[in-house]
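Return a 3D structure for these sequence lines:
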Amino acid sequence: MRVNMSAVISDVDQVAMDYAREHAGELLGTKWYDGEPGVGPSEKGAVSESTRMILRGIITDAFSRETRMSDLVQRIQVAGGFSKEQAQLIADTEVKLAQCHGNLAAWQRTGFVKSIKWLKSSLHTVRDECDLNAEVGPIPLGQMFPSGVPAPPAHPACRCTVAIAELNDPKRRNPF
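Numbering: from 1, shown residues only. Prediction:
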């Protein structure tokens, strides 16, 4: 099986955009309990469903064309009445979610990837669910890490990433 790299990259972008279209803003303004999203809005930052839908459109649009992160942050800030810091956090988290899920989907489609591993960011300073995800080592592609997510981010402001740990057929060249 030959893998066309431009097709894989395009596929990742499309899957990231599809993920954003379906899921962007889902966790925004929800309660969190021990790192897990809860039911109902947070007392600090409740977000209306209409704001969530507007954000979903903004994030999806950002994946449909080249968009500078500063432009995305500004659009989020204006659309939701968020501070610049809040808009930056939303943009970082939503882009990371879409990109990581795009990678997972592309890896699943190639059939080459057997397992993945959680890589903590060098900016990671506080022990949290990311430590547990990294400590577990490689997990089969398609399974959840201990925190209950298939890939980063595990929480808002998460800078971790996921990497290929093992290929299905070690005789084949890694297409990535």
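
Quick check: which element contains Ile164?
strand 161-167 (DSSP states H and E).

Okay, buried residues for the longest helix anywhere in the chain please.
Assignment by DSSP state H gives helix 84-110 as the longest helix of the chain. By neighbour count on 16 or more other CB atoms under 10 Å, the buried set for helix 84-110 is 86-107, 110. Yep, even glycine has a C-beta here, placed from its N, CA and C like the rest.

Ok, stretch 150-161 next?
Ala151, Pro152, Pro153, Ala154, His155, Cys158, Cys160, Thr161.

what sits up against stretch 146-153?
35-36, 93, 96-97, 100-101, 103-104, 116, 118, 129-130, 132-133, 136, 142-145, 154, 158-162 (CB atoms under 8 Å, 6 or more residues apart in numbering).

From the chain's centroid, how far away is that stretch?
How far stretch 146-153 lies from its chain's middle: 9 Å, per CA atoms, centre = their mean, to the nearest Å.

distance between the ends of that stretch?
Stretch 146-153 has its terminal residues 13 Å apart, counting by CA to CA, to the nearest Å.

tell me the mean pLDDT over that stretch?
The pLDDT scores in stretch 146-153 average 94.

neighbours around the nearest residue to Phe63 once chain neighbours are set aside, how many?
Nearest non-adjacent residue to Phe63, counting by CB to CB, 6 or more residues apart in numbering: Met17, 3.6 Å away. Number of residues near Met17 (other CB atoms under 10 Å) recorded here: 20.

Over to Gly111?
14.

and the residue nearest in space to the middle of the chain, what is it in contact with?
The C-alpha lying nearest the average C-alpha coordinate of the chain belongs to Leu97 (CA atoms, centre = their mean; 1.3 Å). Contact analysis of Leu97 by CB under 8 Å, 6+ apart lists Tyr19, Ala20, His23, Ala24, Pro153.
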